[in-house]
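[1] got a predicted structure plus its sequence, pasted below:
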Amino acid sequence: MDTLPISGLPLDDEGDAFGEARESFDDIKRVMEIPFIPNIYKALATSPRALAGTWDVFRNVFLGTSLPRALASMVLFSIAHAKHCRYCSSVHEVTCKTLGVDEESLAALHDDIAALAPRRVHAIVVFARKCALDPQGLDDDDFAAVRDHGVSDEEIVDIIALAGLGNYLDTVADAMKISVDSVFEEALRA
């Protein structure tokens with residue numbers, strides 16, 4: 001079993017997992033159709049309840065969103081980038097690329113959110129970032145701005161939930177000092 005640098009917390013290898021953690025690991029690989037367990041889940045396995053709870057929220061909020069998966073990934077990437085979470089920024093950027101988000105959109109998410117197009121996507125990302133970074137500052141104009149682009153009430157709730165999920169994941173990754181998985185680092189270099 002490895003430990004995370006800085007925090008010294010355990011990073012459970014798949015072979016070390018048993019019981020609830022093993023069940024969560026198996027479900028993560030099956031549902032996400034991936035051959036490995038990302039470091040964030042390995043780090044959470046020290047507390048099987050935290051692992052299962054995080055996976056349940058991720059599965060229901062991100063994988064179950066009414067928004068297109070690529071747009072949901074853009075929301076999570078934008079929040080992680082704004083909060084300077086290296087782990088989540090890397091994972092969500094790779095997810096965006098895997099889901100077909102073009103380089104122009106990724107560049108806008110990195111450097112110039114105002115350049116993000118189309119306007120509906122821009123409105124959703126701006127609203128999500130405000131939900132994550134300044135939820136008390138939300139006002140009627142913010143809700144009207146997304147509704148003006150045909151965003152339904154269900155989608156608004158999904159965006160707010162994605163913002164909360166983004167904040168949660170960023171906090172977990174940063175507080176635990178989780179290092180970026182080599183598979184994500186390699187994908188970003190490619």
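    Structure received. What you see is a predicted model, and the numbers here were worked out from it, not measured in a lab.
[2] which residue is nearest the middle of the protein?
    In the chain, the centroid-proximal residue (Cα atoms, centre = their mean) is L76; its distance is 4.3 Å.
[3] can you pull the buried residues of the helix or strand encompassing that residue?
    L76 belongs to helix 69-82 when assigned by DSSP states H and E. Judged by neighbour count using 16 or more other Cβ atoms under 10 Å, the buried positions of helix 69-82 are 70-82. C-betas here are computed from N, CA, C, even on glycine.
[4] dump these to CSV, plus distance to A43 and pLDDT.
    Output for the buried residues of helix 69-82, formatted as CSV (distance: Cβ to Cβ, whole Å; pLDDT from 0 to 100):
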residue, distance to A43, pLDDT
A70, 26, 98
L71, 27, 98
A72, 23, 98
S73, 21, 98
M74, 25, 98
V75, 23, 98
L76, 18, 98
F77, 20, 98
S78, 23, 98
I79, 20, 98
A80, 16, 98
H81, 21, 98
A82, 22, 97
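[5] can you list the buried residues in stretch 99-109?
    In stretch 99-109, counting by 16+ other Cβ under 10 Å, buried: V101, S105, L106, A108, L109.
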